[in-house]
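Visitor: sequence-free structure coming up:
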């Protein structure tokens, strides 16, 4: 059928060609002539012959054009034509100059390559006919060679132009090995390339290949403008579709050291779908993949899908959940000032980084002893032989064979352990551990709107105190906000600790902002609007205008003076505004965290200190690109980032130096680190200068004695803030007191009844079985002394001392946290003239301590009490 269709098409072309050559219009169609085998009348025979000739000519033209369309066909045709000309003109050369046939062939080739007219240099003049015959043959030879040579030159020029055009478009093959491959292009790629160049600098440079669907010259121009110095690295841009396996093979994806898939669309669902399709294409490569794959995932719901897809093949995939990481980073920076500067120094390769290396000389030592062995690095964890990363392990954990020590250092060749301890410390006898308490309810102002706000709200609901108010101020209608949150799978009615207050306003408008009472907010968050994310500079301009407007309104409300009185249009106005601004204490200003997108805005802020003092600016795109670069270079770094910026685990925090030292105490950095590690289990990574906002990670001289006052805060690695656990402890104590009052109201219930004891025993067994549901990091059985799990941002001074804890004799506890026995007298009926003093059985005591937060069990116990009235009892908890 296919050949028949092709034949009919060729016949139709031949018929049209025959008609154009003068064949009568009334002649039968070509298809009918071929289909009808009966003889036609004699007048139509010439038409049939002409039709066959036209058909043959059309077929020949079609075949010739098909061959001529390919480079291989063009070369073959030129070679064949050259051979034909050489063979045809060899007799002419013999006629003009008697010689052998082989010499004539050689002379003909020279004449074709260098055509020239023949001369009339004859030794003996022949006849006139011979002369003109020779001249004519020479002219034919010259014209043939001239035409052929020009065709060859045109072909070569066209081939070169085609090759140059392919090179300009980036469609050439890239034969590289152990290179870094980037799939896709967005605003984060320039920062990502810069970080990879910094990482390759210590190794003498490397090769970075970018495969995207944008024009190559546009991408190269952006790279040249942003990265004039690639630090000995080579960046190659290739044009293609990352979804096509042929394009991936063209850039040697199978031999790449790592493959990073960038998000290419501002819409999260579209971007994640493209990332998933690219991952499937990588898995379908015939030669497999040597390195690991790093994927930029926007929606947390799609992260599990990526993991499932990666488990179906041998391709190792590490995902960075962009919006979740950004949301947690913004919330953490809102609770701890200067933390944005800390992450700016920690992430990337332009300062101190994470390194892991095995040191056989340290095997057998505990993790608590490692800090004294490194003078130029800070140990923060251990990477076991099975590849698992244990960040901030217990101090008693021993280094085993094959374990790698994870440190924070400037470079991999700038540190090494010593054979003996570098310092000796005095025993800590006076350090008082700050008590843990739940943070009070707060009011937060959140400016800006985008669909990914869901992750921030969920995180705030998880770590905030009850009745915390979150005021959403943006220009998006309330109905659209609720619809967007509903589409993202978030129901605002399910919030347990935060209350949302919606305000429709333009955050850059003075009239709208003046209606807010700025001093009533504990924190302000300014996010980039989703409608402006396509233009990063426009979004950053709006964020900067919002921050300055909020500060101006706050200044006006603090001075109780309208904004027009604080205008800078006169000398008196300047002096008044300066006097009012300097009169506002820094600790009275509302902490502000703002998000910026473009790296050019970072340069503006870096050279404008007045803006940086107004808010903690978080360059979200730059931070994400740095994380992607770190995971691209070292896959195990993803475990550290997930622990620092995940839902559970550890986190970096900025705490006052008074937490580990007395005011103005002269001590070394190593001494404070030892105190923090031995008492709190924290790892001190550096310090922050409050005045200049400078961050120092991994100080070079850790044994130098310094004065620790209020001008410097310490950067510590500790357990993340888990506000719900603090609240659960408070709720447990409250329920214990309520249980005592409930038993007292039961009017003399006995707790020695066998049935009640059996119920309590079953309840205790149930609570013990539920221990497997505890979150990661909550592996301690004694919550009464485990204050390292949860630490409030506000550090309280001790109000009074009490006897030391029997479990931790080096700790001094506050009086209100001293474990004690609570005894309540429950009045009942007379019993043999004396009050019977009894205690809870061990099973009931365990049930109350471990499971009184289970309201169902409490109600069940109270119901049994009312059915078993008895005598007076002392209740001992």
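Guide: That came through fine. What you see is a predicted model; the values in this text were computed from it and never measured.
Visitor: rest of the way, CA atoms for contacts and neighbours
Guide: Will do.
Visitor: tell me the contacts of residue 166?
Guide: Taking CA atoms under 8 Å, 6 or more residues apart in numbering as the criterion, residue 166 is in contact with residue 172.
Visitor: ok, and it, which helix or strand is that part of?
Guide: Secondary structure assignment for residue 166, by DSSP states H and E: helix 128-169.
Visitor: next helix or strand past that helix?
Guide: Per DSSP H and E, helix 128-169 leads on to strand 180-183 as the next helix or strand towards the C-terminus.
Visitor: elements contacting the helix or strand following that following strand?
Guide: Using DSSP H and E, the helix or strand that follows strand 180-183 in sequence is helix 189-201. Packing contacts for helix 189-201, counted by 3 or more CA pairs under 8 Å, 6 or more residues apart in numbering; DSSP states H and E, involve helix 620-633.
Visitor: Identify all contacting residues around stretch 369-376.
Guide: The list of residues contacting stretch 369-376 from outside it, by CA under 8 Å, 6+ apart, reads 362, 378-379, 395, 409, 414-423, 698-702.
Visitor: do the same with stretch 193-209
Guide: Applying CA under 8 Å, 6+ apart, the set of residues contacting stretch 193-209 from outside is 176, 179-182, 227, 230-238, 251, 348-350, 626, 629, 633.
Visitor: quick one on the thing from earlier: now, of the contacts of stretch 369-376, which are buried?
Guide: Among those, those classed as buried by neighbour count (16 or more other CA atoms under 10 Å) are 362, 378, 379, 409, 415, 417, 698, 699, 702.
Visitor: The closest residue in space to the first one that isn't next to it in sequence: how many residues sit nearby?
Guide: What it means is residue 362. The shortest distance from residue 362 to any residue that is not its chain neighbour, by CA to CA, 6 or more residues apart in numbering, is 6.9 Å, and that residue is residue 399. Look at residue 399: counted by other CA atoms under 10 Å, it has 23 neighbours.
Visitor: which ones are touching residue 399?
Guide: Residues counted as contacts of residue 399 (CA under 8 Å, 6+ apart) are 362, 363, 364, 365, 366, 367, 382.
Visitor: Out of those residues, give me the one that has the most neighbours.
Guide: Looking at the contacts of residue 399 with neighbours defined as other CA under 10 Å, the largest count falls to residue 382 at 26 neighbours.
Visitor: So for stretch 352-359, mean pLDDT?
Guide: Predicted confidence along stretch 352-359 averages 91 (mean pLDDT).
Visitor: Quick check: buried residues in that stretch?
Guide: Quick answer for stretch 352-359 (16+ other CA under 10 Å): 352, 353, 354, 355, 356, 358.
Visitor: How about residues contacting that stretch?
Guide: Contacts with stretch 352-359, where a contact means CA under 8 Å, 6+ apart, come from 345-347, 383, 402-412, 637, 697-698.
Visitor: follow-up on the earlier one: the contacts of stretch 193-209, buried ones only, as a PyMOL selection?
Guide: Applied in PyMOL, the following selects the buried portion of the contacts of stretch 193-209 according to 16+ other CA under 10 Å:
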select buried, resi 176+179+180+181+182+230+231+232+233+235+236+237+238+251+348+349+626+629+633
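Visitor: From the contacts of stretch 369-376, which land in helices?
Guide: Among the contacts of stretch 369-376, DSSP state H puts none in helices.
Visitor: Filter those down to the ones in strands?
Guide: Secondary structure assignment by DSSP state E places 378, 379, 409 of the contacts of stretch 369-376 in strands.
Visitor: can I get the residues you listed in a markdown table with pLDDT?
Guide: Rendered in a markdown table, the data for those read as follows (pLDDT from 0 to 100):
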| residue | pLDDT |
| --- | --- |
| 378 | 93 |
| 379 | 94 |
| 409 | 91 |
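Visitor: Make JSON lines from those residues and add distance to residue 664 to it.
Guide: JSON lines is the format used below for the ones in strands among the contacts of stretch 369-376 (distance: CA to CA, whole Å):
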{"residue": "378", "distance to residue 664": "24"}
{"residue": "379", "distance to residue 664": "27"}
{"residue": "409", "distance to residue 664": "28"}
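Visitor: right, and the pair among the buried ones among the contacts of stretch 369-376 with maximum separation?
Guide: When these are compared pair by pair using CA to CA, the two farthest from each other are 362 and 699, 22.4 Å apart.
Visitor: and the gap between the closest residue to residue 546 other than its chain neighbours and residue 526?
Guide: If the residues on either side of it in the chain are set aside, residue 546 comes closest to residue 508, at 4.7 Å by CA to CA, 6+ apart. From residue 508 over to residue 526 the distance is 11 Å, taken as CA to CA, to the nearest Å.
Visitor: Pull the residues that contact the helix or strand harbouring residue 524.
Guide: Using DSSP H and E, residue 524 maps to strand 523-526. Taking CA under 8 Å, 6+ apart as the criterion, the residues outside strand 523-526 that touch it are 330, 334-335, 443-448, 543, 546-547, 590-595.
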